[in-house]
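Enquirer: turn this into a structure:
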Amino acid sequence: TSTITPTATMTPTVTETSTSTPTNTEVPPGSTITVTPTISETYTHSPTASPTSTITLTTTPTDTETPMPPDTTTATASPSATMTVTPFTNVQLVLEKTANLLQASEGDIIRYTILFENQGAAFAWNTKITDKIPDFTHYYQGTGNTGISGLVQWSGVVAPGYAGEVWFDVQVEAALPNTPINNIAYIISDNSNTVASNTVTTIWMPPPTPTSIPNLVGENEIIAYPNPVWGDSLTFLFLSPEDAEAKVRIYNSAGKLVREIQCRAMGGVSQKLAWEVGDIPPGVYIYQLLLNNKSVMISKLAVVKRK
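Expert: Residues are numbered from 1 along each chain as shown. Reported below is the predicted structural model:
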């Protein structure tokens, strides 16, 4: 139903003309003369819609729709739109990542260790851990599947409360000094969202000069440099005659273990392990090299001064 109230404006135009018929008869003074005017009126009609006009539309549907059952996901299209989605429940995956080297140069081996855990109460089905091989490195070895170019992957089912670890090694290629080698891992399952690990960074450093770093180290030997330690870090250099799981343990003068560093050692290749001294107090410390959990050498170092 539509109701429109127009307003019409009519503007009259009046034209008056007088006509008289002249005669040759002179009109005496005091006589009465009758003049018949001709009047024409023109009206301009301009209809306009009233500012207060109202239009009412009434629609009557011809079909009756059958109501649909409620959806589990609802959304409101507005600036303050809200959406309710049923979340994954009872699965809580966590991921943590470490690297054995804080600094590395061409030819060094970086080991990435990835710790994962399901802290939820349900099985994490078809769980996948994915890690991209970082720039300036190439894959060397590890426990994962490298079938996809540039990626290392692990898959399986993670039971509630289960924690485990996977690892892989990369070998450092040529790069510019102080180039960061960054790495991050991801974990996801069929019934959980993607979770990212922390980012670990190794700084590419040029090979040390012979004046600051020993050129050679014998088999089953380990040295620390600089020694004494004047800064915030030092490097252990050692050589294993065969591939082995290598550990370096640092003890204080009372025999208490203060740090353990480990890596996968390549046979016949000098290996370097960095130690961030941190807030270790000055003093004399003992360091021990273990290959495949067998002690092969013990020596001393001194932390002299903090920067």
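Enquirer: can you tell me the closest non-neighbouring residue to E276?
Expert: Nearest-residue entry for E276: S233, 5.2 Å, with adjacent residues in sequence omitted and distances by C-beta to C-beta, 6 or more residues apart in numbering. (C-beta placed from N, C-alpha, C; glycine too.)
Enquirer: my guess is the one you found contacts I203. True?
Expert: No: checked against C-beta atoms under 8 Å, the pair S233 and I203 is beyond contact range at 11.1 Å.
Enquirer: joint contacts of these two?
Expert: Taking C-beta atoms under 8 Å, 6 or more residues apart in numbering as the contact definition, S233 and I203 share the neighbouring residues L102, Q103.
Enquirer: which one's more surrounded, these two?
Expert: I203 (16 against 13; other C-beta atoms under 10 Å).
Enquirer: if I look at the more buried one, how far off is W167?
Expert: I203 sits 21 Å away from W167 when distances are taken as C-beta to C-beta, to the nearest Å.
Enquirer: what is the neighbour count of the closest residue to P177 other than its chain neighbours?
Expert: Beyond its immediate neighbours in the sequence, the residue positioned closest to P177 (C-beta to C-beta, 6+ apart) is P206, lying 5.2 Å away. The number of residues packed around P206, counting by other C-beta under 10 Å, is 11.
Enquirer: can you tell me the SS state at P206?
Expert: Three states are possible here, and by DSSP: H, G, I helix; E, B strand; the rest coil the one that applies to P206 is coil.
Enquirer: surely it touches Q103?
Expert: No: taking contact to mean C-beta under 8 Å, the distance of 10.3 Å between P206 and Q103 leaves them out of contact.
Enquirer: and the residue nearest to E276, what does it touch?
Expert: With contact taken as C-beta under 8 Å, 6+ apart, S233 is in contact with L102, Q103, A274, W275, E276, V277.
Enquirer: determine which two of the residues you listed are furthest apart.
Expert: Set against one another by C-beta to C-beta, the contacts of S233 have their most distant pair in Q103 and V277, with a gap of 13.8 Å.
Enquirer: which one's more surrounded, those two?
Expert: Neighbours per residue, other C-beta under 10 Å: of Q103 and V277, the larger number sits with V277, 20 against 15.
Enquirer: the nearest residue to E260 once chain neighbours are set aside - how many residues pack around it?
Expert: In space, E260 comes closest to R249 once its chain neighbours are excluded; the distance is 5.0 Å by C-beta to C-beta, 6+ apart. When neighbours are counted by other C-beta under 10 Å, R249 registers 17.
Enquirer: so R249 bridges to which residues?
Expert: In this structure, R249 bridges to E260, Q288 when assessed by DSSP bridges.
Enquirer: wait, isn't it in contact with R259?
Expert: Yes: in this structure, R249 is within contact of R259 by C-beta under 8 Å, at 7.4 Å.
Enquirer: against K128, how distant is the residue nearest to E276?
Expert: According to C-beta to C-beta, S233 and K128 sit 35 Å apart.
Enquirer: got a pLDDT number for N252?
Expert: Each residue has a pLDDT score; the one for N252 is 90.
Enquirer: does anything pack onto the helix or strand hosting K97? Which helices or strands?
Expert: Using DSSP states H and E, the secondary-structure element containing K97 is strand 93-99. In terms of contact count using 3 or more C-beta pairs under 8 Å, 6 or more residues apart in numbering; DSSP states H and E, strand 93-99 is assigned the packing partners strand 109-118, strand 124-132, strand 185-188, strand 195-196, strand 200-204.
Enquirer: what packs against the longest one?
Expert: Using 3+ C-beta pairs under 8 Å, 6+ apart as the contact criterion, the secondary-structure elements in contact with strand 109-118 are strand 93-99, strand 124-132, strand 163-172, strand 185-188, strand 257-265.
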